[in-house]
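Participant: Got a predicted model here, sequence first, then my questions.
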Amino acid sequence: MRYRRLQSGRFSVSAPTLAQGTRRSFLERFGFRGTTYNPATIGRTTAGQLVKGAVNKIALGVGLLTSVATNLWDFGVGDQREKGIGSPEFWASTGVDFALTAVIGLAAAGLVAGGIAISTALGVGFVATAPLTGVLAVTVGVGLVISFVLDGIGAADWLKERVIPGIGAWGGIAQNARTIFSALPAYVNDTILQPAAEVVEERVVQPVIQRAQAVSQAVTNAAQAVSDFVGDLFRGDK
């Protein structure tokens, strides 16, 4: 991407190294949708894109892959191999490394973007219109400085020591969850379904059966009484 100062004091933005048909879409992807720009507009656009780029899917994906690959080496064949891949220490180290990578990238981009915004506000135009490659190089340098400072104060080790107990606890939590879910059907059956069935049996089914038996017995008795009465009539006639 190239900025060219015009006689009006404005700048044109171009991407001369790209194929003719791809230049416009490339510039629009970086927020340049016009033809000429004030230095302040270029500065704001560059700063905004710099911060967005630090947290986009590609940057986060690269950070995740780098963290996983580094820890696979350390815990597979490196200094941490006795703890092994898949250990709580492995997961804690991978998670912390990835989080720090994302935070460092965002912090570096934020600092450089803030510097561009302040310089633009102060009228330092050459900072706002600095080549994108130079801006990215400065951002990488700032990120390395932040990383060295954090390594120097032991931030990563401090975080990992506090994350490991939590990672270890997940095993117990998962086991407890499995135990609960395996015992839940029996618990529901014993404490809810079975008592409910007993109540229904006692208060609904049994009374209905008893009433049905009483009606049946009454009908049987009545039929027997009628039969006896008719039989007595016939016997009396004789």
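Facilitator: Done, it's in.

Participant: got any ranges where the chain has weak pLDDT?
Facilitator: Low-confidence segments of the chain (pLDDT under 70): 124-125, 128, 167-193, 196-197, 199-201, 204-205, 208-209, 212-216, 218-219, 221-238.

Participant: which residues of it fall in helices?
Facilitator: Taking DSSP state H as the criterion, the chain carries its helices at 23-29, 39-54, 57-76, 88-121, 125-128, 132-152, 155-188, 194-200, 206-237.

Participant: The second one relative to helix 132-152, how many degrees between them?
Facilitator: Yep, that's helix 39-54 we're talking about. 50 degrees (axes from the mean of the first three to the mean of the last three Cα atoms, to 10 degrees).

Participant: Buried residues, helix 39-54. List them.
Facilitator: 39, 41-47, 49-51, 53-54 (16 or more other Cβ atoms under 10 Å). Every residue, glycine included, has its C-beta placed from N, CA and C.

Participant: Going by distance to Q206, which of these wins?
Facilitator: Closest approach to Q206 among these (Cβ to Cβ): A54, at 73.1 Å.

Participant: Assess the claim that the closest one and V112 are in contact.
Facilitator: No - with contact defined as Cβ atoms under 8 Å, A54 and V112 do not form a contacting pair (9.7 Å).

Participant: Run a quick check on A155 versus V103, I expect a contact.
Facilitator: No - A155 sits out of contact with V103 when judged by Cβ under 8 Å, with a separation of 10.0 Å.

Participant: Phi, psi for Q7 please.
Facilitator: phi -60, psi -30 (degrees, to the nearest 10).

Participant: Quick check: it vs G34, distance?
Facilitator: Using Cβ to Cβ, to the nearest Å, one gets 18 Å for the distance from Q7 to G34.

Participant: cool, and S147?
Facilitator: From S147 to G34 the distance is 37 Å (Cβ to Cβ).

Participant: what does G110 give?
Facilitator: Using Cβ to Cβ, we find G110 at a distance of 26 Å from G34.

Participant: what's the answer for M1, then?
Facilitator: Spatial separation of M1 from G34 under the definition Cβ to Cβ is 14 Å.

Participant: who has more neighbours, those two?
Facilitator: Using other Cβ atoms under 10 Å, the more surrounded residue of M1 and G34 is M1, with 18 against 12.

Participant: quick one, what contacts the more buried one?
Facilitator: Contact analysis of M1 by Cβ atoms under 8 Å, 6 or more residues apart in numbering lists V13, S14, A15, L27, F30, P131, L132.

Participant: pretty sure F30 contacts A47?
Facilitator: No - counting by Cβ under 8 Å, F30 sits too far from A47 to count as a contact (11.9 Å).

Participant: Just give me the neighbour total for the nearest residue to R81 once chain neighbours are set aside.
Facilitator: Closest residue in space to R81, ignoring its immediate chain neighbours: F75 at 6.2 Å, by Cβ to Cβ, 6 or more residues apart in numbering. When neighbours are defined as other Cβ under 10 Å, F75 has 22 of them.

Participant: same thing with R23?
Facilitator: The burial count assigned to R23 is 16, neighbours taken as other Cβ under 10 Å.

Participant: Who are the contact partners of it?
Facilitator: S14, A15, P16 are the contacts of R23 under Cβ under 8 Å, 6+ apart.

Participant: I'd like to know which of the residues you listed is nearest to T22.
Facilitator: Sorting the contacts of R23 by how near they are to T22, with Cβ to Cβ, puts A15 at the top with 8.0 Å.

Participant: Done for today, thanks.
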